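**Student:** Build me a model:
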Amino acid sequence: PSSFDVPAGDLEARGARAHWLSEQFIAWRAIAGAPPGSRFLLHSSVTADLKDGGVSGVRNCDAGGGPYELSRTGDDLTPELAKLHPYLSGCPLLRVPTGADARILCRNQLAIEMQAPSGEAVDCTGVQVGALLDCLFAYDGPLGCHPVDSGDPAANGVSLALWAPTALRVSVTLYNEPRGPALESLPMERKVGASD
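**Tutor:** As a prediction, this is how the structure comes out:
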């Protein structure tokens, strides 16, 4: 049976079957049998409220700019991607348009919708972003708490480094003792660079 004989996917029950591998490419095995003229749309939701609308397609796309039309680029991974992701060998690729900012979109709930040439949605899936995070946000620096020696003992303290590229907000809460009350909660700042 072809993938077009399968009822529309359930974002929760069927999981994330697509893999965002680099800024330009997403792999999704289900598109292998898609006939010419099929369309593929990338949906995004900041509030993680995407729903499978059956034949009417993915609903509740609330992130700016979407949905984005993806173009099918071939029947297999590029040699570079195949070397990095051999478990996806033979998986067709979709090209992400230049207007889709992967650094922003990877912080949102994502889904890809496959439409038949008639425009009817025939499948959808969530998108795994682990490989994309490694590609965009690789970080080889220190993590955790580290003493800061300012040269003035009264001004010494600690710095805290955290790798959380998909976090929308992060705060650190300070305590004076393990079971004592919270003294203060401070927002952390995102550093621009390799780990932004």
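**Student:** The residue lying closest to residue 35 once chain neighbours are set aside: how many residues sit nearby?
**Tutor:** Nearest residue to residue 35, sequence neighbours excluded (CB to CB, 6 or more residues apart in numbering): residue 117, at 6.3 Å. No exception for glycine: its C-beta is placed from N, CA and C like everyone else's. For residue 117, the neighbour count with other CB atoms under 10 Å is 11.
**Student:** buried residues in the longest helix seen in the chain?
**Tutor:** Ranked by residue count, the top helix of the chain under DSSP state H comes out as helix 130-137. Under the neighbour-count criterion of 16 or more other CB atoms under 10 Å, helix 130-137 has 131-133, 135-137 buried.
**Student:** Now for those: which two are most distant?
**Tutor:** Comparing every pair within the buried residues of helix 130-137 by CB to CB identifies 131 and 137 as the most remote, at 11.3 Å.
**Student:** which one of the buried residues of helix 130-137 sits closest to residue 113?
**Tutor:** residue 132 (18.9 Å).
**Student:** that older thread, against residue 39, how distant is the residue nearest to residue 35?
**Tutor:** Taking CB to CB, to the nearest Å as the criterion, residue 117 is separated from residue 39 by 8 Å.
**Student:** For the residue nearest to residue 120 when sequence neighbours are not counted, which three-state class applies?
**Tutor:** Nearest non-adjacent residue to residue 120, counting by CB to CB, 6+ apart: residue 55, 4.9 Å away. Put simply, residue 55 is helix when judged by DSSP: H, G, I helix; E, B strand; the rest coil.
**Student:** Residue 27 is in contact with residue 91, correct?
**Tutor:** Yes: counting by CB atoms under 8 Å, residue 27 is a contact partner of residue 91 at 4.2 Å.
**Student:** list residues touching both of the two?
**Tutor:** Residues touching both residue 91 and residue 27 (CB atoms under 8 Å, 6 or more residues apart in numbering): 19, 77.
**Student:** in stretch 56-75, what's buried?
**Tutor:** Buried-residue list, stretch 56-75, by 16+ other CB under 10 Å: 57-58, 61, 63, 66-68, 70, 72.
**Student:** Quick check: bridge partners of residue 18?
**Tutor:** Here residue 18 sits in beta bridges with residue 28, residue 127, as judged by DSSP bridges.
**Student:** quick one: buried residues of stretch 99-107?
**Tutor:** 100, 102, 105-106.
**Student:** Adding secondary structure, write the residues you listed out as JSON lines.
**Tutor:** Listed next are those as JSON lines, based on three-state DSSP:
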{"residue": "100", "secondary structure": "coil"}
{"residue": "102", "secondary structure": "helix"}
{"residue": "105", "secondary structure": "helix"}
{"residue": "106", "secondary structure": "coil"}
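**Student:** Let me have those residues in JSON lines, extended by pLDDT and distance to residue 35.
**Tutor:** Below are those laid out as JSON lines (pLDDT from 0 to 100; distance: CB to CB, whole Å):
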{"residue": "100", "pLDDT": "94", "distance to residue 35": "25"}
{"residue": "102", "pLDDT": "94", "distance to residue 35": "28"}
{"residue": "105", "pLDDT": "93", "distance to residue 35": "28"}
{"residue": "106", "pLDDT": "93", "distance to residue 35": "30"}
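**Student:** This completes my enquiry, with thanks.
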